[in-house]
Structure formats: structure tokens, C-alpha cells
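Asks: need a structure here:
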Amino acid sequence: MATTNVVQLPPRTIATPSRPMAPPPAPAHHADEDLDDRAVNASRKKNANAKRSQGAPKEKTPDPSKLNPTMPATSPTLADFGFMSPGPASIHVYNDANSRPLFGILRVPEDGGFQRQVIVHGTRHGIERWHLVDSADAKDAIGKAVHGGKVPLYGLDRLLARPDAPVLYMFDEYGADVAQEMLPDHVVVSGANETCLDPLSARAVTIWPDAGEAGTNAAIEAADAIKKVRYSTGESRGQTLGIDLPDNLPDGWNPAVSDPEQFGIDIASLARNPVPTEQAFRPFVIMPHGYKMSKTGLVFKGDDDVTHQVTKTPFRVVAESDLAENGAAGVILRWQNRGQTVEFVALRGQISARGSSLTKELRENKMLFPESMARLLLDFLGTVEARKFIRTVNTVGWDQGSGWERPLFVMPGGDVVGSGHSEIRFAAPNVNAAKERLKYTPSGTLDEWQEYVAARAAGNSRLVLGICLALTSPLLKVLGSVIEAGGVHIWGGNGLGKSTYSHVLTSVWGDPRKLMTELDGTKTGFENAAELASCIGLFLEELKNDDKGINKEIGRIIYMWANRKGGLRSGPNIALRETKEFDIMFCSTGEYHLKTVIETSGGTYTGGIEARMTSIKAEPDGSGYGLLDTIHDAHTSKAFVDRMKDDCECYHGTAGRHFVARLIEDLTQTGRESIRQWFAESIELFIDDYVPAGADKMIHRVAKRFAVMATVGELALEYGTLPWAKGEAFRGVGACFQSWLADRGGLGAREDILAVQQVRRFIEQHRFSRFEDVDAARTAIGTTGKEGADCYLSNVRDAVGFRELTRDSDGTEAYSYYVQAEQWKNAVCKGIDSTRAAKAVRDAGALQTGAGRNLTMKKMIPGVGKVRVYVITPAIMRAGDADDADDDDQE
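Replies: This next block holds a predicted model:
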């Protein structure tokens with residue numbers, strides 16, 4: 001890695017002699033000698049000029065920018081490189097046999113790992129010090145630092161200081177230093193390709209490889225190199241053994257990478273019990289008979305000695321695998337395509353399955369092979385063996401195999417957050433992992449997202465709610481029964497900023513332009529979408545009030561998502577397929593309340609739907625900025641939302657990963673129960689602050705979900721994921737909850753409120769078309785007799801009852817409505833509990849009841865007689881939530 005640094009050096013002070021230095025005395029000479037000397041000197045000068053003119057080589061002026069290595073007086077320290085950003089994590093100095101420093105290696109943090117940076121002492125631009133060396137010049141600089149000789153072992157000085165100690169040979173300086181601390185009885189050194197191994201020829205050496213195939217191959221080469229040194233010197237006292245590492249360690253692992261206890265490894269025990277190198281460094285892949293991997297791809301040579309080029313793409317067999325959910329075996333392949341690494345899990349069950357799409361999927365992932373070679377390729381995949389084993393999963397989110405002590409979190413597309421006991425891979429049939437990974441690929445840094453997105457969302461209740469909701473899905477499985485899954489629907493007219501809300505919440509996990517899911521498909525499709533977003537969240541495109549038919553089914557889909565489980569379906573041989581499971585919070589936007597969307601499409605909106613997906617007005621009360629409460633330093637709300645959307649598209653995908661990583665640390669250090677207890681206490685505080693006394697249990701149910709979202713926001717603040725002030729999440733989410741509660745129409749049960757609304761709406765729509773006027777009927781019968789009654793013409797069709805002009809409690813004239821039981825049940829209260837609806841209308845003061853517990857009364861109806869009817873008073877028009885803004889917007 002090339003690093004450019006400008007260092008401001010302090011001014012240098014040059015000491016001045018205390019008195020002038022006298023020139024040396026000139027030798028005595030005579031005047032005539034001086035003349036002779038002048039002649040001789042002139043002749044010599046002339047001859048010298050002639051030689052120079054004949055092409056004598058000129059001395060080259062040294063390039064001051066080139067590093068000229070010099071012998072250092074002292075070893076470098078981390079303080080010498082304090083100007084670097086980020087600063088090096090450690091420094092490792094190579095010494096010669098006399099413990100004099102030659103060159104060094106810095107470990108510099110980079111992209112979640114470490115970059116090796118070579119340092120060499122020397123002069124550059126007239127400055128003598130330890131200098132950083134570009135990777136392109138590193139080999140030459142090291143060669144000069146070791147004076148053209150071979151590179152010494154790292155730890156050579158400690159090796160020579162302990163001639164009788166057993167030697168542990170590693171391939172990483174930091175790993176050697178860490179292992180030296182763990183194994184004080186050993187001398188631990190490290191080396192590379194061009195290392196001088198002569199000091200090991202007479203020693204008992206144990207080679208500790210880095211985990212994986214590449215580490216094994218390097219260990220084999222090191223063992224062979226040590227053997228050659230012994231052969232060349234005739235040394236017979238030395239011995240070389242190896243460490244047989246477990247097969248399922250992550251590639252590149254050594255004791256310095258992560259805690260060995262995490263993988264159940266006892267470092268001291270392994271070091272005390274080495275095995276022959278042939279046993280320790282076994283081949284990672286056992287190729288089937290006749291197959292060989294070449295630079296041009298997989299080759300097969302049969303018994304007829306005919307060679308077949310099976311693939312034109314060379315690839316590696318990384319490991320064998322099985323699917324954690326059902327044990328389906330597979331093999332993990334890896335190859336390069338135009339500079340990109342492709343990793344593919346070929347399930348062995350697909351090799352011989354009728355109608356298998358395996359070869360098609362391989363081609364789609366850019367593996368090149370002729371159709372005529374497909375059978376040979378499948379035979380290879382069915383018989384190749386790998387020493388390494390990796391678990392695969394076909395669902396995203398928390399990996400159940402790791403437990404909560406060392407949890408792993410699988411992102412859509414296969415990226416893994418956390419450090420569990422073993423590696424895992426994501427492999428789901430018919431899922432394009434590369435495409436999914438692209439949706440969630442981070443852009444920018446967390447600091448940039450915090451500055452340009454999260455910080456400006458603060459103070460805006462709807463945006464705060466969106467971010468908190470987006471971070472809540474990972475907690476569903478952690479909290480268990482403490483929380484119900486559910487969603488939020490933000491509704492309001494065009495131009496309020498709903499698309500900005502969607503951009504902000506999706507930016508938590510990935511690219512806002514790719515993460516929105518269109519609500520258009522089958523129930524199975526919605527199950528698949530939920531499974532692929534499990535523990536992340538499902539973010540829906542705007543719900544439109546159209547006639548696609550899907551809006552009618554939204555209620556069922558919401559129930560399915562909130563219940564965290566799909567439906568039952570049969571598989572081959574009439575066996576039931578596994579039920580899909582998912583843990584998601586979900587959200588949507590639209591111009592209309594969810595109730596309107598469902599009912600105008602012919603569906604039924606129930607209190608259960610409201611409890612699971614809460615509709616909140618986009619525009620806060622009193623806001624002059626649409627969906628926003630504040631625009632901070634922007635000149636207009638349009639300028640604010642335009643900039644916010646642009647920044648979300650530039651900076652995204654970092655917050656969700658950071659939050660999950662910190663949550664994993666929290667789970668590991670404090671435990672799941674501690675987190676659950678903290679949430680329970682926080683939920684209680686939220687409910688005490690925001691839920692009025694006497695509120696219905698459904699209000700408490702919704703409040704609990706809002707409390708969890710608010711608590712998640714406060715937790716993210718503690719984790720450093722969000723840059724907000726303490727309490728910001730509670731204030732923002734609490735304001736949204738209060739907005740919903742105010743629009744709901746009361747503190748009673750939602751089913752009762754909806755029942756009153758339904759009865760009122762039926763009367764509003766049909767007061768003249770389906771209710772016969774009592775006075776008109778009585779007049780017709782009373783003035784014309786029977787014949788007149790038969791000839792009475794009425795505009796009422798499909799009558800459900802009667803209306804009669806009565807005096808209201810304030811003396812004004814208004815209609816009362818009389819409905820018989822069958823029509824009350826089948827027409828007025830269609831789709832709901834008619835008895836509960838009658839009680840709700842009664843409790844709202846709009847139903848006149850009979851004696852005792854009777855909900856009906858006897859009324860004399862012209863032409864019918866005295867019958868029991870539900871008597872709905874004029875108060876129905878203002879009962880319960882008659883002024884609910886919900887209704888005003890549904891016309």
C-alpha cells in the first residue's frame with residue numbers, strides 16, 4: 001500500500017566553533033619553482049580536458065527522492081509513526097544475528113483487516129530516519145537493508161539466544177509474537193519464501209500453518225525448504241514436524257487472528273503434540289480418478305487416454321458443506337470472473353435430480369463449459385472430496401447453529417457478521433446471492449451516514465420512527481415473546497415527503513434504489529420476500545388505491561408477516577414442505593389510510609390488522625413542512641428532502657451492519673437475558689409516559705411495539721450507531737404513537753370503534769335508498785286504504801329497515817333508523833360481529849334499547865306490525881369518532 005506523508009521536521013541547529021579555524025600553513029617554495037609548476041599543471045589540465053571530451057563517464061547525481069538505506073542506531077517504535085492515520089497497530093522488527101535492526105513491518109488497520117507496511121532506515125530528501133516504503137519498492141529496499149543477502153528469520157536473535165529450545169515456525173510476524181507469549185517454553189519465529197533457513201538446520205522445528213489450503217501449501221513448501229538446507233549442509237540432528245489444525249477453521253486463521261478458545265483449541269496442547277508433516281499437511285482436495293485442475297480449467301483424461309477440457313474456467317473446490325436446516329450435502333466452489341470472486345454452493349442432490357437447474361445456475365454465475373461436457377462436470381461434482389467442511393444456511397438473519405453465546409448474523413447475499421465457532425455460507429435455491437449482496441453493499445462510511453442522514457433526521461418524528469423501525473428486526477428473535485412483529489403505514493397526500501421517509505429508513509441497510517419491495521404478486525411470493533429479508537426488515541413500495549386485487553389481500557398478508565410464519569404447502573410425494581419462517585418488521589407508504597386501501601378493494605379492515613400494522617398520518621400536526629417537523633439549516637423543505645434523498649443514495653448500508661456487530665458484542669459479553677430485562681424496563685417507561693389510563697388492551701399492544709422501536713433507537717445510540725442526543729428516539733417514536741392515538745377516535749377497543757364507523761357509514765350511504773320512510777308509508781296506508789297501499793310507489797330498493805323523523809335531544813329534527821335482526825346482521829354489520837357492534841353503538845350513545853339487557857325494541861311499523869328492531873338514534877352521526885380525520889379522507 002502506497003502511503004504519502006508530509007512530515008514537518010523541527011529546525012536543525014548547527015553548532016558554531018568558538019574561534020575561527022586557521023588555514024594550514026602553506027609549504028615553502030621558490031618563485032622559479034612556481035613557474036615550472038604552472039606549466040606542468042596547465043599541461044595536465046589540457047590532457048584531462050581532452051580525455052573528458054572523448055566520452056569519459058560522468059558521475060550521476062543521486063536522486064534525493066530515492067531511499068538510500070543506512071544502518072540504524074536504534075530500533076523503530078510506534079511513536080516514530082504517529083503521523084499516520086490510521087496509526088499502526090503493531091510494529092515488528094527484523095534483526096540480524098547480533099540483534100541489530102535491519103528493517104521492520106507495520107500492521108496498519110485497513111478495511112476491517114490489516115495491511116503490511118514495510119519500513120527501512122535510510123536517507124530520503126536529506127532526512128535520515130525510518131521511512132515508509134511503497135509496496136512496489138519494498139523488495140529492493142529490503143534487499144539493500146540486508147546488504148544483498150537473504151532475509152533473516154523474524155525472531156532470529158531470540159532463536160540464537162536459546163539454542164536448546166524447541167522451535168515453532170509460523171508465517172506471520174504478529175502471529176509469532178502472540179504465540180511466543182502463549183508458549184514461553186518455545187522459540188517462535190516466522191519466515192517467508194526467501195527467508196534464510198540455515199539457522200533451523202540443526203533444530204527441532206514444528207511448523208504451524210495458517211488455516212486453509214493456501215496455508216497448508218505454504219507449510220509444505222517450508223518443510224521441503226528446511227529439508228533441502230539439511231541435505232546441502234549434511235546436518236542430521238534437525239527434525240521437522242507439523243501442527244494438525246482442525247479442518248473447519250476460517251482460511252488464514254492463526255492464534256493472532258482471534259481467540260483460540262473460540263474454536264475449542266488448546267494452543268499449548270497442539271504445540272506439545274506435533275505430528276509428521278505428511279499427516280499434518282494433508283491435501284485439502286481429493287480429485288476423482290482422471291480429473292485434474294489446470295490453468296485453463298478442469299480436465300478429464302479417461303482410460304482411453306483421450307483428454308477432455310471439461311470447463312474453460314479454472315476453479316477451486318473450497319470445502320464440502322451441508323445445509324443446516326435439512327442436512328442437504330453440497331460442495332463449495334470458487335472462481336474468478338473479470339476480477340470478481342464468485343463463490344457457488346453446488347448441492348449434490350441437484351446433480352442427479354430430474355429437471356435440475358444446476359448447470360444453468362453455474363452458467364449464470366459465469367462458469368464456462370460446453371454443453372457436451374455437462375455430464376463430466378456433474379460427475380466431478382458428485383465425487384470430489386474436500387478435507388474442509390463448512391456449514392451452509394438458506395435463510396438470512398441469526399444462525400441458530402451458533403447459539404447466543406457466539407452468534408452469527410447472515411446478511412442477504414451471504415456476508416456474515418460476527419465470529420462464531422465455524423464458517424458458514426449462504427446458499428438458497430433460486431436466489432441470486434450476488435444480486436442480493438449488491439442491494440446491501442455499503443456505500444460511504446458510518447461517520448458520513450451519521451453526518452448527512454441520521455443527524456438531519458433528528459427532530460423529525462417520522463424519520464426517527466423510520467430509522468428505529470429499520471433497526472428493530474434483528475431484535476425480534478433476541479427478545480422473543482417480549483415483542484410482536486408488526487409494521488407501520490405512513491399515509492398522506494402527494495408532495496409530503498413520503499419517498500424521503502422510505503429513502504432514510506432503507507439507507508440503514510442498503511441502497512434505497514434497490515431495497516424497496518413492490519406489493520404485487522402471490523402469497524407465496526410475499527413469503528419468499530419475507531424470508532429473504534428476515535431479521536433485516538421488509539420495506540414496501542407505495543401502496544396505490546388501484547384495482548389490482550392485491551389490496552384486498554393485504555390484510556391476510558399482514559397477518560402472515562406479523563405471525564412470522566408462512567402457509568402449509570405440499571411437496572413431492574404429497575409430503576408437506578417446510579413452513580417458511582421469518583422475523584421482520586415491515587413498513588409502507590401511501591396516499592390513503594390502510595383501512596381505505598383495503599375496503600375500497602373489497603376487503604375487510606379489522607382491529608387485528610390495525611394492531612399489526614398501524615397507520616400514521618405523514619404530516620405532523622402544526623407542521624408547515626409536510627412530513628417534516630424541522631428542516632434544520634435548509635432554506636426550504638424541498639431543498640431538505642432533495643438533499644436528504646441524494647445523501648441516502650451516496651451513504652448507506654453501514655448503520656445496520658454496525659448495529660448488529662455491536663449487538664453481537666453485547667450478547668457475547670452481557671448475555672441475552674440482560675438485554676431482554678433492559679428492554680422490559682424501557683417498555684414499561686414508554687407505556688407510562690404515552691398511554692392514557694383506561695386505554696383498551698389493543699392500545700397497549702400497539703404501544704408496546706412502539707416502545708420496542710423507541711428502545712432500539714436508544715440502544716443504537718449507546719452502541720454509537722446513531723449520533724442523536726439521549727431521548728431522541730423516545731421523543732420521535734412517542735410523537736408518532738400520539739398522532740396515531742389522536743386519529744384513532746378514542747381509547748376503546750378498535751373493533752368497537754370500527755363497528756360504530758361501519759354502521760354510520762352504511763346509514764350515510766343508504767339513508768334514502770334502503771330505508772323506507774315511516775311517515776310516507778303510514779300516510780299511504782291511512783288515506784287510500786288497502787288498494788292505495790298496494791299502489792304506493794317507493795324509491796327504496798333492497799330495503800333493510802325504516803327511517804322516521806324524530807326530535808334529537810337538543811330539539812332539532814333528525815332521522816332515527818329501525819333495522820330488523822336479519823338485516824342488521826347480514827347487511828348493516830356485514831363482516832363483523834353484529835351483537836358486539838350493537839353493544840358498541842349502544843355504548844356510543846346511539847342505540848335506544850329495550851328493557852333489561854335487550855338490545856332491540858318493539859316498534860309499530862306501518863304495513864308490518866309490531867316487531868323487534870334495532871333503533872339507531874340521530875346520535876350515530878356524531879358518536880365515537882364521527883369527527884375522525886380518517887373518515888374525512890375516505891370520501
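Asks: dump the residue contacts of Ala533.
Replies: With contact set as C-beta atoms under 8 Å, 6 or more residues apart in numbering, Ala533 has these partners: 396, 412, 473, 517, 582, 584. For the C-beta atoms, the positions are set from N, CA and C on the backbone; glycine is no exception.
Asks: ok, now which ones touch the third one?
Replies: So that's Ser473. Going by C-beta under 8 Å, 6+ apart, the list of residues near Ser473 reads 397, 533-537, 583-585.
Asks: That one and Tyr651: what is the separation?
Replies: Distance of Ser473 to Tyr651, computed by C-beta to C-beta, to the nearest Å: 21 Å.
Asks: out of the contacts of Ser473, which is most surrounded?
Replies: Within these, Met585 tops the neighbour count with 30 neighbours, counted by other C-beta atoms under 10 Å.
Asks: is it true that that residue touches Leu476?
Replies: Yes. Counting by C-beta atoms under 8 Å, Leu476 is a contact partner of Met585 at 7.3 Å.
Asks: what residues do these two have in common as contacts?
Replies: Listed contacts common to Met585 and Leu476 are Ala485; contacts here mean C-beta under 8 Å, 6+ apart.
Asks: From the contacts of Ser473, which land in strands?
Replies: Gly397 (DSSP state E).
Asks: hmm, who's touching the longest strand seen in the chain?
Replies: Ranked by residue count under DSSP E, the longest strand found in the chain is strand 113-124. Residues from elsewhere that reach strand 113-124 (C-beta under 8 Å, 6+ apart): 1, 3, 64-72, 76, 81, 88-89, 91, 101, 103-109, 128-133, 135, 138, 141-142, 144-145, 174.
Asks: Provide a list of residues in contact with Gly713.
Replies: Gly713 makes contact with 464, 467-468, 471, 722, 724, 728-730, 732-733, according to C-beta under 8 Å, 6+ apart.
Asks: Repeat that for Glu194.
Replies: Applying C-beta under 8 Å, 6+ apart, the residues near Glu194 are 150-151.
Asks: Lys150 versus that one, what's the distance?
Replies: Taking C-beta to C-beta, one finds Glu194 at 6 Å from Lys150.
Asks: With Phe284 instead?
Replies: Phe284 is 30 Å from Lys150, by C-beta to C-beta.
Asks: Tell me which of those two has more neighbours.
Replies: Per other C-beta under 10 Å, whichever of Phe284 and Lys150 has more neighbours is Phe284, with 20 against 12.
Asks: How about that one: what's its closest non-neighbour residue?
Replies: Nearest residue to Phe284, sequence neighbours excluded (C-beta to C-beta, 6 or more residues apart in numbering): Glu213, at 4.2 Å.
Asks: Quickly list the domain ranges of this protein.
Replies: 68-145, 156-280, 285-439, 446-744, 750-888 (automatic domain parsing).
Asks: Ramachandran angles for the closest residue to Ser90 other than its chain neighbours?
Replies: Closest residue to Ser90 apart from its sequence neighbours, by C-beta to C-beta, 6+ apart: Arg107 at 4.7 Å. As for Arg107, its main-chain torsions (degrees, to the nearest 10) stand at phi -100, psi 110.
Asks: what's the answer for Leu378, then?
Replies: phi -70, psi -40.
Asks: Can you point out the buried residues in stretch 552-566?
Replies: By neighbour count on 16 or more other C-beta atoms under 10 Å, the buried set for stretch 552-566 is 552-555, 557-558, 560-562, 564, 566.
Asks: quick one: contacts of it?
Replies: 476, 484-487, 519, 523-524, 526-527, 530-531, 538, 543, 567, 579-584, 586, 594, 597-598, 601-606, 608-609, 612-613.
Asks: how does it look with 6 Å?
Replies: When contacts are defined by C-beta atoms under 6 Å, 6 or more residues apart in numbering, stretch 552-566 is touched by residues 485-486, 526-527, 530, 579-583, 586, 598, 601-603, 609, 612-613.
Asks: So for Ile832, what's the pLDDT?
Replies: Looking at Ile832, its pLDDT stands at 85.
Asks: Return the distance of it relative to Ala562.
Replies: Remark: distance between Ile832 and Ala562 (C-beta to C-beta) = 20 Å.
Asks: Could you do Asp633 as well?
Replies: Applying C-beta to C-beta, the value for Asp633 to Ala562 is 39 Å.
Asks: Tell me which stretches of the stretch 651-800 of the chain form strands.
Replies: Along the stretch 651-800 of the chain, counting by DSSP state E, counting those that start in this stretch, strands occupy 771-773.
Asks: That one: helices as residue ranges?
Replies: Under the criterion DSSP state H, counting those that start in this stretch, the stretch 651-800 of the chain carries helices at the ranges 655-670, 672-690, 697-719, 728-744, 750-766, 774-790.
Asks: how about the ones you listed, which one is nearest Glu235?
Replies: helix 655-670 (48.6 Å; C-beta to C-beta).
Asks: The nearest residue to Gly671 once chain neighbours are set aside: what secondary structure?
Replies: Leaving aside its sequence neighbours, Gly671 sits nearest to Trp404 (C-beta to C-beta, 6+ apart; 7.5 Å). The three-state label given to Trp404 by DSSP: H, G, I helix; E, B strand; the rest coil is coil.
Asks: Name the residues of whichever strand or helix holds Lys144 that come out as buried.
Replies: In this structure, Lys144 is located in helix 138-145 according to DSSP states H and E. Within helix 138-145, the residues scored as buried using 16+ other C-beta under 10 Å are 138, 141-143, 145.
Asks: do stretch 244-264 as well
Replies: Under 16+ other C-beta under 10 Å, the buried positions of stretch 244-264 are 244-245, 247-249, 253-257, 260, 263.
Asks: on that earlier part again, just want the angle from the longest strand of the chain to helix 138-145.
Replies: 50 degrees (axes from the mean of the first three to the mean of the last three C-alpha atoms, to 10 degrees).
Asks: ok, strand 113-124: who's next to it in the sheet?
Replies: Strand partners for strand 113-124, identified by DSSP bridges, are recorded as strand 68-69 (antiparallel), strand 101-110 (antiparallel), strand 127-132 (antiparallel).
Asks: can you give me the helices for the stretch 51-200 of the chain?
Replies: Under DSSP H, counting those that start in this stretch, the stretch 51-200 of the chain gives helices at 138-145, 156-161, 173-182.
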